[in-house]
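J.: Curious how this folds, go ahead:
(chains A and B)
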Amino acid sequence: MIDLKYLEKNFDEATNRLTKRGINNTLLEELKYKFRELKEINRRLEEARATQNRVSKLFGEYRREGKDISELKSKLSKNKELIASLQDEVNIANEELQNIALNIPNFPDESVPYGEDEDDNVEIKRVLTPREFNFRPREHWELAEINGWIDFQRGVKLAKSRFSLLRGEAARLERALINFFLDENRKRGFEEVYVPFINNSNMLQGTGQLPKFADDLFKIEGEELYLIPTAEVPLTNIYNNEILKKEQLPILLTAYTPCFRKEAGSAGKDTRGMIRQHQFDKVEMVALSLPEESEEIFNMMVENASNLLTMLELPHRLVELCSGDLGFSASMTIDIEVWLPGQNRYREISSISNTRDFQARRAKIRFRDGKKNRLLHTLNGSALAVGRTLVAIMENYQNADGTIDIPEVLKKYI
RNA sequence: GGACAGAUGGGUGAGUAGGCUGAAACCACAUCCCUGCUAAGGAUGCGUACGGGUAACCGUACCGAGGGUUCGAAUCCCUCUCUGUCCGCCA
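T.: Numbers count the residues shown, from 1 in each chain, chains lettered A, B, ... in the order given. You can find the predicted model right below:
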């Protein structure tokens, strides 16, 4: 959630920053108005309560001393009604405020390039040169068929479309990648964590998936529980509603989890192959840091993810997302895109974001700084998306006869 | 899933015939003092959120969560959640 006090006090600056990502400022005007309204009603409510508390104490004294209490009683009864009606007003105002505020995305960082959509993203650098093929490189689903690695039909039979299963060497390669990523992340100082793959709605709200993106989540029927769309949710929320010691920071976490997404807005996109599935594996990094250090940790996380691809000898590029393409919670994001020779293009394989205090405010994650409690910064990034890495290996390591070589660094894992 | 018991501040733990308890005491922690020698003594401070004030500070809310009764609730009532124990089930 954005800082409403900041919005109120620096309205022009704030709206300026948010219009860059397509938020209209009548909505922000309304938000500011609701915020002020709530404060005003709340002030009156608190005054009425203070009166009630004060006079109620008197009431007790009077009765002990045997004084006449009828006058106090009528005063209190009247005031009680006032409190009830003010309370209703506060509840309504607060709900209206939350409805708007929880749907406002994060401020883009000053450094974020302006742009409408993904076409305006800025390539920062390329790492490794794509190999030259002396044959037509196949797409991964062709290779999957030749090698018997991916069974799309039966995945659909077991669940529904956009599910698949990996068989034999592919399944082992998937597991090898998970282990490889976790080991490398651990070497960088990330603590490995095993987390629940189902989280409650509070946690989803903490990291920003709810309330706005409910359509993209698998919900457990009859419960306030959801399959996680990314390990970012459980990892970040480990410290939900906690106050950490300054010395504990930064906290670096990594976890492997399957991720579940309805892909509601992706009809017709990547329907072939396993680029976009309802269930996919990912190894995630999450950092909780001092505000002053989040930039530095962000860079470390980008470098770590890029380095994993370099170790796998997979050509890739770093892309800085423009303001219009930023995710809801992110203040800045760098995507890493891996080269897919079969598709003849770069495809996203990792996304690293600094949300600054946006998630921390929602999830109430703070640290004690001297006498004050301050919101910390949260960051997250894939290191890496496992299924897409498998695809990248298939397409980059393919031979003319359709066989696939195994990357050197993975051999000890198989 | 069934039965019973419980849920209080960082921890232990008082407080249940409603008001003087935002909450005793102890421990932990912080600062200071004393004293020095392997360990101890003393003083003070020490929950969170929101609102107001430059600040000291003041107001409001919170004793698992939500609702109710009442002039007034940690204390009474209802619902839910969680924890423990027993039973059932299961990896």
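J.: How about the residues of the stretch 251-400 of chain A by RNA strand B?
T.: A:366, A:368, A:373 (CB under 7 Å from any atom of the strand). Any C-beta I mention is one placed from the backbone N, CA and C, and that applies to glycine too.
J.: Okay, A:Asn134 and A:Ile146: tell me how far apart.
T.: For A:Asn134, the distance to A:Ile146 (CB to CB, to the nearest Å) stands at 18 Å.
J.: who has more neighbours, these two?
T.: Comparing A:Asn134 with A:Ile146 by other CB atoms under 10 Å, the one with more neighbours is A:Ile146, at 14 against 5.
J.: was I right about that one contacting A:Ala400?
T.: No: A:Ile146 is beyond contact range of A:Ala400, at 11.5 Å (criterion: CB atoms under 8 Å).
J.: ok, so of the residues of the stretch 251-400 of chain A next to RNA strand B, who is nearest RNA strand B?
T.: Distance to RNA strand B, by CB to the nearest atom of the strand, is smallest for A:Asn373 among those, at 3.8 Å.
J.: Run through the stretch 101-250 of chain A and note the low-pLDDT ranges.
T.: Of all residues in the stretch 101-250 of chain A, none has pLDDT under 70.
J.: Within the helices and strands, which one has A:Leu253?
T.: Using DSSP states H and E, A:Leu253 sits in strand A:251-260.
J.: got the CA positions of stretch A:91-99 in PDB?
T.: Taking C-alpha atoms only, stretch A:91-99 is exported to PDB below (Å, rounded to 0.1, in the frame of the first residue of the first chain):
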ATOM      1  CA  ASN A  91     -16.500   1.800   9.500                       C
ATOM      2  CA  ILE A  92     -18.000   2.900   6.300                       C
ATOM      3  CA  ALA A  93     -15.400   5.500   5.600                       C
ATOM      4  CA  ASN A  94     -12.600   3.100   6.400                       C
ATOM      5  CA  GLU A  95     -13.900   0.400   4.200                       C
ATOM      6  CA  GLU A  96     -14.300   2.800   1.300                       C
ATOM      7  CA  LEU A  97     -10.800   4.000   1.900                       C
ATOM      8  CA  GLN A  98      -9.300   0.500   2.000                       C
ATOM      9  CA  ASN A  99     -11.200  -0.400  -1.200                       C
END
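J.: Who are the contact partners of A:Leu97?
T.: By CB atoms under 8 Å, 6 or more residues apart in numbering, A:Leu97 lies in contact with A:31, A:34-35, A:38.
J.: next one: A:Glu169
T.: Here A:Glu169 is in contact with A:147, A:149, A:414 (CB under 8 Å, 6+ apart).
J.: If you rank the residues you listed by neighbours, which is first?
T.: That'd be A:Trp149 among these, by other CB under 10 Å, with 24 neighbours.
J.: Pretty sure that residue sits against A:Leu143.
T.: Yes: A:Trp149 sits in contact with A:Leu143 when judged by CB under 8 Å, with a separation of 7.3 Å.
J.: related to what we said a few turns ago, among the residues of the stretch 251-400 of chain A next to RNA strand B, which are in strands?
T.: When these are checked against strands (DSSP state E), the matches are A:366, A:368, A:373.
J.: A:Glu123: which element?
T.: strand A:122-127.
J.: What's the first helix or strand after that strand?
T.: helix A:140-147.
J.: what packs against whatever helix or strand comes next after that next one?
T.: The element immediately downstream of helix A:140-147 (helix or strand, assigned by DSSP H and E) is strand A:150-151. Secondary-structure packing of strand A:150-151 (3 or more CB pairs under 8 Å, 6 or more residues apart in numbering; DSSP states H and E): helix A:140-147, strand A:165-166.
J.: Which residues outside the last one are in contact with it?
T.: If you take CB under 8 Å, 6+ apart as the criterion, strand A:165-166 is touched by A:149-151, A:154-155, A:158, A:173-174, A:390.
J.: One more: the longest one?
T.: By CB under 8 Å, 6+ apart, the residues outside helix A:140-147 that reach it are A:138, A:149-150, A:152, A:169-170, A:272-274, A:340, A:342, A:391, A:394-395, A:398, A:402-404.
J.: out of those residues, which are buried?
T.: Buried members of the contacts of helix A:140-147, scored by 16 or more other CB atoms under 10 Å, are A:138, A:149-150, A:152, A:170, A:273-274, A:340, A:342, A:391, A:394-395, A:398, A:404.
J.: Identify, from those residues, the entry nearest to RNA strand B.
T.: A:Ala170 (26.3 Å).
J.: Mind telling me what element the closest one is part of?
T.: Counting by DSSP H and E, A:Ala170 is part of helix A:169-187.
J.: okay, the buried ones among the contacts of helix A:140-147 in CSV with distance to A:Asp215 next?
T.: Compiled in CSV, those are given as follows (distance: CB to CB, whole Å):
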residue, distance to A:Asp215
A:Arg138, 35
A:Trp149, 32
A:Ile150, 27
A:Phe152, 25
A:Ala170, 31
A:Gly273, 24
A:Met274, 22
A:Leu340, 28
A:Gly342, 31
A:Val391, 26
A:Met394, 31
A:Glu395, 32
A:Gln398, 37
A:Ile404, 37
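J.: per-domain residue ranges of chain A.
T.: A:4-101, A:118-413 (automatic domain parsing).
J.: which helices and strands sit right next to the helix of greatest length in chain A?
T.: Scanning chain A for the longest helix, with DSSP state H as the assignment, gives helix A:25-65. On a contact count with 3+ CB pairs under 8 Å, 6+ apart, helix A:25-65 meets helix A:4-9, helix A:11-19, helix A:70-101.
J.: Show me what residue of the stretch 201-350 of chain A gets nearest to RNA strand B.
T.: Counting by CB to the nearest atom of the strand, the stretch 201-350 of chain A gets nearest RNA strand B through A:Ile243, at 6.0 Å.
J.: Restrict the helix holding A:Ala170 to CA atoms and write it as PDB.
T.: The C-alpha trace of helix A:169-187 is given here as PDB (Å, rounded to 0.1, in the frame of the first residue of the first chain):
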ATOM      1  CA  GLU A 169      15.300 -37.600 -17.800                       C
ATOM      2  CA  ALA A 170      13.300 -34.400 -18.000                       C
ATOM      3  CA  ALA A 171      11.800 -35.000 -14.600                       C
ATOM      4  CA  ARG A 172      15.300 -35.600 -13.200                       C
ATOM      5  CA  LEU A 173      16.600 -32.500 -15.000                       C
ATOM      6  CA  GLU A 174      13.800 -30.500 -13.400                       C
ATOM      7  CA  ARG A 175      14.900 -31.800 -10.000                       C
ATOM      8  CA  ALA A 176      18.600 -31.200 -10.700                       C
ATOM      9  CA  LEU A 177      17.800 -27.600 -11.600                       C
ATOM     10  CA  ILE A 178      16.000 -27.000  -8.400                       C
ATOM     11  CA  ASN A 179      18.900 -28.400  -6.400                       C
ATOM     12  CA  PHE A 180      21.400 -26.500  -8.400                       C
ATOM     13  CA  PHE A 181      19.600 -23.200  -7.900                       C
ATOM     14  CA  LEU A 182      19.000 -23.700  -4.200                       C
ATOM     15  CA  ASP A 183      22.700 -24.600  -3.700                       C
ATOM     16  CA  GLU A 184      23.900 -21.600  -5.500                       C
ATOM     17  CA  ASN A 185      21.500 -19.300  -3.700                       C
ATOM     18  CA  ARG A 186      22.700 -20.700  -0.400                       C
ATOM     19  CA  LYS A 187      26.300 -19.900  -1.400                       C
END
